[in-house]
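Novice: got a sequence here, can you model it:
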Amino acid sequence: MHKDELLELHAELVIIMEYFAEQEDVEDGLFDAYYQLDVSPDDAHKSKSEHKHAVFVLGNALASAISNDEFSSAGRIGKRMQELADDAESKI
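Specialist: Now for the predicted structure:
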């Protein structure tokens with residue numbers, strides 16, 4: 001995936017995150033790990049690896065927001081996103 005495509009994906013995930021953040025039944029602090037990264041889609045100067053890591057961290061949080069448990073489809077996706085986030089972080 002090219003960096004511009006990754007930035008676009010990152011931006012779309014942020015829109016979805018903002019929707020979920022407004023919901024009352026979403027766990028407090030769910031997106032804290034993403035916010036702590038301090039990487040937004042507007043930060044074009046950040047590396048592709050940093051954006052990839054942010055996308056996976058955010059994807060994990062979003063999967064957690066919609067999963068019932070770790071064995072649901074979203075729960076399994078969240079677990080895989082966490083694995084990918086860990087791998088991406090090791091490459092930063």
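Novice: can we go C-alpha only for contacts and neighbour counts from here?
Specialist: Noted.
Novice: and residue 21, how many neighbours?
Specialist: 18 (other C-alpha atoms under 10 Å).
Novice: what's stretch 22-40 in contact with?
Specialist: Residues outside stretch 22-40 that contact it (C-alpha atoms under 8 Å, 6 or more residues apart in numbering): 10-11, 17, 20, 46, 50-51, 54, 57-58, 61, 65.
Novice: how about the residues you listed, which pair is most distant?
Specialist: Farthest apart among the contacts of stretch 22-40 by C-alpha to C-alpha are 46 and 65. That separation is 26.8 Å.
Novice: out of the contacts of stretch 22-40, which end up buried?
Specialist: 10-11, 17, 20, 50-51, 54, 57-58, 61, 65 (16 or more other C-alpha atoms under 10 Å).
Novice: adding secondary structure, distance to residue 30 and pLDDT as columns, could you present those residues in a markdown table?
Specialist: Putting the buried ones among the contacts of stretch 22-40 into a markdown table (DSSP: H, G, I helix; E, B strand; the rest coil; distance: C-alpha to C-alpha, whole Å; pLDDT from 0 to 100) gives the following:
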| residue | secondary structure | distance to residue 30 | pLDDT |
| --- | --- | --- | --- |
| 10 | helix | 17 | 97 |
| 11 | helix | 18 | 97 |
| 17 | helix | 10 | 95 |
| 20 | helix | 10 | 88 |
| 50 | helix | 20 | 95 |
| 51 | helix | 19 | 95 |
| 54 | helix | 14 | 96 |
| 57 | helix | 11 | 96 |
| 58 | helix | 10 | 96 |
| 61 | helix | 6 | 93 |
| 65 | helix | 8 | 85 |
